[in-house]
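In: what follows is a predicted structure for the sequence shown.
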Amino acid sequence: MSSYIEFQDVKKIYRMGEVEIPALAGVNFTIEKGEFVVIAGASGAGKSTILNILGGMDSCTGGKIYVDGNLVSDYNEKELTTYRRYDIGFVFQFYNLVQNLTVKENVELATQICKHPLDIDETIAAVGLADRKNNFPAQLSGGEQQRVAIARALAKNPKLLLCDEPTGALDYNTGKQVLKLLQDTCRERGICVIVITHNLALTAMGDKVIKVRNGLIESIEINENPMPVERIEY
Amino acid sequence: MKAYVLDIIREMRHSFGRFFSIMAIVAIGTAFFAGVKASIPDMKYTADQYYKAYNLMDIRLVSTMGFTDEDVEAIRAVDGLEGVMPAYSMDFLTHYDTQQYVVKVIGLSGDDRNDPNYINQMRLVSGRMPKKSDECVIEEQELIKSGFAIGDTIRLESGSEDALSDTLKRDTYRIVGTVYTPDYLSHEKGTSTIGSGKVDLFIGIDADNYCSDYYSEVLVTVKGAKAYNSYTDAYFDVVNQVSAALEQVGQDRSDIRYEQIQTKAQEALAEKEAQYEEARAAFETEISEAQSQLESARDEILLGQAQLESGKINLESTVALSEMQIAQNEATIAQYEIQLEEVVALQKQMHEQYEPIIEQAEARLKEQQAQEARLQAQLADPALSQAEKAALETQLQLVQREIAQLKSTIENSEKAVVTVDEKVATFEQMIADGKRQLEEAKAALAAKKAESEAQFAQAQKQLDAAQEAYVNGKLELEKNRTLGEQELSLAAEKLAQGKEQLSSLPEPTWYVLDRNSHYSYRDYESVTERMDGIAKVFPVFFLLVCALVCLTTMTRMVDEQRSMIGTYKALGYSKVAIAMKYVLYALVAGIVGSVIGCLIGMHLFPSVIFYAWNLMYNLPDLQFEIQIPLALQASLSVIAVTIAATIFACYHELVEVPALLMRPKAPKNGKKIMLERLSFLWSRFSFTQKVTARNLFRYKKRFFMTVIGISGCTALLVAGFGIQDSIAEIVDKQYEEIMQYDSMLTFSADSTYQQRDQVETKLKEDKQIKAYEGIMQKNATVNDDGEETNVTLIIAEDSSDFNEFVLMQNRRSKEELHLNSDGAIITEKLSKNLGVSVGDNVSITLENGQMKEVKITGVMENYVGHTLYMTPGYYKELSGERTVVNAYYIQMKEVSDETEAALGSRYMELDGVSSMSFYSGVAKSFEDTIASISFVVYVLIGAAGLLAFVVLYNLTNVNISERTREIATIKVLGFYPKEVSSYVYRENIVLTLIGGLCGLVLGIALHALIMNLAEMPEVMFGRNIEPLSFVYSMILTLVFAMIVNIVMYRRLRQIPMVESLKSVE
């Protein structure tokens, strides 16, 4: 049976003028539907590159990528945009909210272009920001902003929820709150959630842990019993 | 409301500075584009409205033979006419002080402005329209400044051989008002066949003052033409139909008229011939009469002479006779005298004889008487006796007898003595008488001689006089005969000529002239066309700047929002959707900006341009024509440019993958610049200087944008100052350097050689005159691109010192030109218009109609008027005519109002002098007219400043935003605020300097372009830009740059160190 997500010998080389930088040297892995995957590795290993390519935000220079039966690596730009629009929800390390829009409007921004969005107010309430709906990002703390970003990604009702170091800019407790949210979402809604981190302690919460090193997959581990976030100490 | 749209709106509000700068540059660009372009239709519209309001004719009919009432009726019968006005208009001369003017005298028949037949209505400026036939209105004098004012009287004189009274009933009119007319939009009123060749003024008088048989023109308006703007084709479509009909009428009437004229002329000719014959006959008779008179006179003279001769002879014989008689008488007298002597002797004897006897007798008598008495007494005594009485009585008787005897003795003796005495006396008397008579006769003779001599002398004199008179008479007869014959032959010649002319008389032609042949209409049109030329250049320039500013601004915006764009992309928004944000941002700014720009620009620029031109034209107030298409065109162009710039700015970001967008933009690779290769120079630079140099050459886009913007600003300043320089200097150049004479004296066309000679003598002796030069001035025309242009031919009597009066030099090479007999020297503008240079030939038509080829030997610098200078020899070669001085250039020792007035009055009263012009006044009024073009200059300077400000502001803004991190870093490193600002500003200043220098060069080209476009046909503007102007332009540019820097200084100070240095990663 083919997996939900499949990377086959994916290569990525960055060209900047005359300089060539190989970011991925041939990556292979699979991810099943509804899995909570943690991609870990040192800084500059290639974790973000994998996520970006998976999320349609970048293209690979070699290899094949299958998502839900579609050969994403062959998508042209338009198809990539469509892919991002309907199938992907992305959470960034630095939130990347639109400063000019309120919390609610930031979420609306995402929902107004997708096919079957979730109810906005519910999603906002689900991330615990119901009473901050009409505030601007500048008026929120880091954690609140990240939760908005998550709400934004969630409300799209995507197939995949990709998070690039979601807790990187947050403190210990807030980070754990955010991670809990992610885990709950994965469990409750059955969405495939992929989280990048360089904090190895978090690998315990994932169903699958993919370790990346120097542009190659170092190891893929499966956790039979992923730990709930509250219990992780780091 | 879509969240995404909300984002756009809020973006506009939050970054209002940026929004505003785009709006501002779009507004400026549109204002210039639409404004300058709008001025053309507005000006045409204004002119057309003026034409409509004052009923300018659609068609003017002129004929080589004038129009009769029948002609006018035929015209009225044509279909499609609204108003028909037959009119009189003729040129005359007048003087104000010493200045002669050519006046066009227009006949007005009523001033009811609602009358459709009152065509070419007068626009009253001050005073009132004439009500009586001795009143007139005169052209408003603002531009001409002849001196005539309301209340003055103007006296007209004929400029041709025909007397004024042939055409006008009166020659003096009182000015009661000043007017303009749509027929003449500027001071140019066309040419004239009299005076200086150009019409200087017009006056309007009651048409009844004209006593001519013919109308000089017929003015016509066309039904329905007023519905169109006369500068459009639709108007001409309507008018042309009527023109065609009128041409046909003209053809027909011309034929009729021709017949009429031929018949009339034949009659007149026959009459004249008869007169001639009569005159000839009379002449012959008179001559022969005179001849015979002379002959009889001669005969008389001869007779007289003969008479005189015989008289003389008579006299001689008479004199001889008289002298003979006198001699005889003298002899007789001598004889008498001898006789007298004898008688005297006898007398003596007698006396001696008788006297004693008498004495005795007397004594005795006495005694006897006494006795008698005694006796008587005794007798008386009564006592006497008779005897006694008888004795006494006997005694008495005896006594008485003795007494009686004695008495008779005495008596006889006395008688004898007396007889002798008487005889003596008689002889003496006779002698005395004779002598006296002789004297008398002698005297009479002498007198008679003298008298006769005198008479003879007189007679001789008379004869001599008569002789002389006769001789003179003869000469005079000859003379008169010759003269008479000459005149008769002349008259015969004229008759022959007249006959010939009549036989070769061209058919009268009607000219149906629509507005395309109307000078003012075309002139104003060409003004708008010139503006059109300018309008093509400027907007392009501003569009370019607009594009640049938008590009930089939007690039900056897109760069700042790089990660935002990445996010949008990550969310799945398409490129188009994301680009829309920025496009809409620019679009809204653009729309608002263009609306403002159009509103302001389409009112401001047409006004400025119109009023600048209206200093030379006399239209009433500007009327705006609503020009939606233009506004749209301008706005859309500018907005399109803006959006194109925006899209160009976004494009690079949009094609990148989201992943890349979310990382900060990779800084441009550091590279060595060329300057570094010069290591000996490079090593001497300080750190900051090196940084400045690197930054300058690495960021090429910024470099070019600043340089282009600044050079544009400087170029505008240079052009502006240059315009002022060029225009201001032509007055000095023309009236001080080129024309080195202070005054010009012109003779009238009918002056005689003697009169001119007299004037020259006076000039020679005049102490107030430094020098003078005789010239002959002639009018000619050249064909300039289909248009007939007037040129003046100046033939210098003495070409060797002519250069002292007129500086003839080539403008570019500064080489001095000299007159020679190979050809003529032409003025620069004319040569440019005709496209000729040294060695080429120019076709000119002389006054007498001959067409000749003139060879050009030099092109001279000149700013006003078209002239050809040549030697008398060359002129003779051209025309066959001899050079006759008809004017003098005069250099005065001292030039002032008083000396000019004195000189003027001294010469104007001499016969033959027609006018004296003084150039100090001309220069002054020209200056006034031209100096007002400063308006345009100030607008240009304003635009330049605005441009500089916006460009520099934008660029500094961009500069600072892009280098926030860099600037924050050096702040952290410990640079003082001043050092921080100079870090940034050093580049600004270098860029401004480079841009300024480029702008100086660009400005020269821009200036030349504007001057070319804005020139009037007969004036050449200088091409000079004063060095000082370049300095001013550069300084002003730097000042503008300084202002921006000062304003931005605050922003630099406010860059927060920490926030700026926060990293994304």
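Out: Thanks, I have it. Numbers count the residues shown, from 1 in each chain, chains lettered A, B, ... in the order given.

In: from now on I want contacts and neighbour counts done on CA atoms only, so please keep to that.
Out: Will do.

In: list the contacts of the longest helix anywhere in chain A.
Out: As assigned by DSSP state H, the longest helix anywhere in chain A is helix A:172-189. For helix A:172-189, contacts defined as C-alpha atoms under 8 Å, 6 or more residues apart in numbering or on different chains pick out A:34-36, A:127, A:143, A:146-147, A:166-168, A:191-193, A:228-230.

In: which of the residues in it are buried?
Out: A:174, A:175, A:176, A:177, A:178, A:179, A:180, A:181, A:182, A:183, A:185, A:186 (16 or more other C-alpha atoms under 10 Å in any protein chain shown).

In: so residue B:949 is in contact with residue B:1040, correct?
Out: Yes: the criterion here is C-alpha atoms under 8 Å, and residue B:949 meets it with residue B:1040 at 6.3 Å.

In: where along the stretch 501-650 of chain B do the helices fall?
Out: For the stretch 501-650 of chain B, the helices defined by DSSP state H, counting those that start in this stretch cover B:519-560, B:562-571, B:575-613, B:628-655.

In: tilt between the third one and helix B:562-571?
Out: I take that to be helix B:575-613. If you take axes from the mean of the first three to the mean of the last three C-alpha atoms, to 10 degrees, helix B:575-613 sits at 130 degrees to helix B:562-571.

In: SS state for residue B:911?
Out: When classified by DSSP: H, G, I helix; E, B strand; the rest coil, residue B:911 comes out as coil.

In: where does pLDDT dip in chain A?
Out: Scanning chain A for pLDDT under 70 picks out A:1-2.

In: taking it, what residue is nearest to chain B?
Out: Chain A approaches chain B most closely through residue A:85 (3.7 Å), counting by C-alpha to the nearest C-alpha.

In: can you name the residues that contact that residue?
Out: A:113, A:114, B:570, B:571, B:572, B:573.

In: got the buried residues for stretch A:188-199?
Out: In terms of neighbour count (16+ other C-alpha under 10 Å), stretch A:188-199 has its buried residues at A:191, A:192, A:193, A:194, A:195, A:196, A:197, A:198.

In: what's the span of it, first residue to last?
Out: 25 Å (C-alpha to C-alpha, to the nearest Å).

In: go on, stretch A:221-234?
Out: Distance across stretch A:221-234, first residue to last, is 20 Å (C-alpha to C-alpha).

In: contact partners of it?
Out: Under C-alpha under 8 Å, 6+ apart, the answer for stretch A:221-234 is A:176, A:179-180, A:183, A:201-202, A:204-210.

In: can I get those in TSV with distance to residue A:12?
Out: TSV is the format used below for the contacts of stretch A:221-234 (distance: C-alpha to C-alpha, whole Å):
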residue	distance to residue A:12
A:176	32
A:179	29
A:180	32
A:183	30
A:201	28
A:202	27
A:204	28
A:205	28
A:206	26
A:207	26
A:208	23
A:209	21
A:210	18
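
In: where do the strands of the stretch 101-250 of chain B begin and end?
Out: Applying DSSP state E, counting those that start in this stretch to the stretch 101-250 of chain B gives strands spanning B:123-127, B:135-139, B:153-155, B:172-180, B:201-206, B:215-222.

In: need the winner for burial among those strands.
Out: Of these, the one with the most neighbours on average (mean count of other C-alpha atoms under 10 Å in any protein chain shown) is strand B:135-139, at a mean of 25.

In: SS state for the residue lying closest to residue B:726 once chain neighbours are set aside?
Out: In space, and not counting its chain neighbours, residue B:726 is closest to residue B:1022: 4.5 Å by C-alpha to C-alpha, 6 or more residues apart in numbering or on different chains. Three-state call for residue B:1022 (three-state DSSP): coil.

In: ok, for residue 80, nearest residue in space, not its chain neighbours?
Out: Went with chain A since none was named. residue A:56 (5.7 Å).

In: switch to chain B, that's the one I care about
Out: Distances taken as C-alpha to C-alpha, 6+ apart place residue B:223 nearest to residue B:80, at 5.4 Å, with adjacent residues excluded.

In: list the contacts for the one you found?
Out: Residue B:223 neighbours (C-alpha under 8 Å, 6+ apart): B:80, B:81, B:82.

In: what helix or strand does the last one sit in?
Out: This points to residue B:82. strand B:81-87 (DSSP states H and E).

In: following element in sequence after that strand, please.
Out: Per DSSP H and E, the helix or strand that comes after strand B:81-87 is strand B:89-96.

In: how far does that next one sit from its chain's centre?
Out: How far strand B:89-96 lies from its chain's middle: 11 Å, per C-alpha atoms, centre = their mean, to the nearest Å.

In: find the closest residue to chain A in the stretch 751-900 of chain B.
Out: residue B:812 (54.6 Å).

In: tell me the secondary structure at that residue.
Out: coil.

In: who's in contact with residue B:991?
Out: Residue B:991 neighbours (C-alpha under 8 Å, 6+ apart): B:696, B:703, B:706, B:707.
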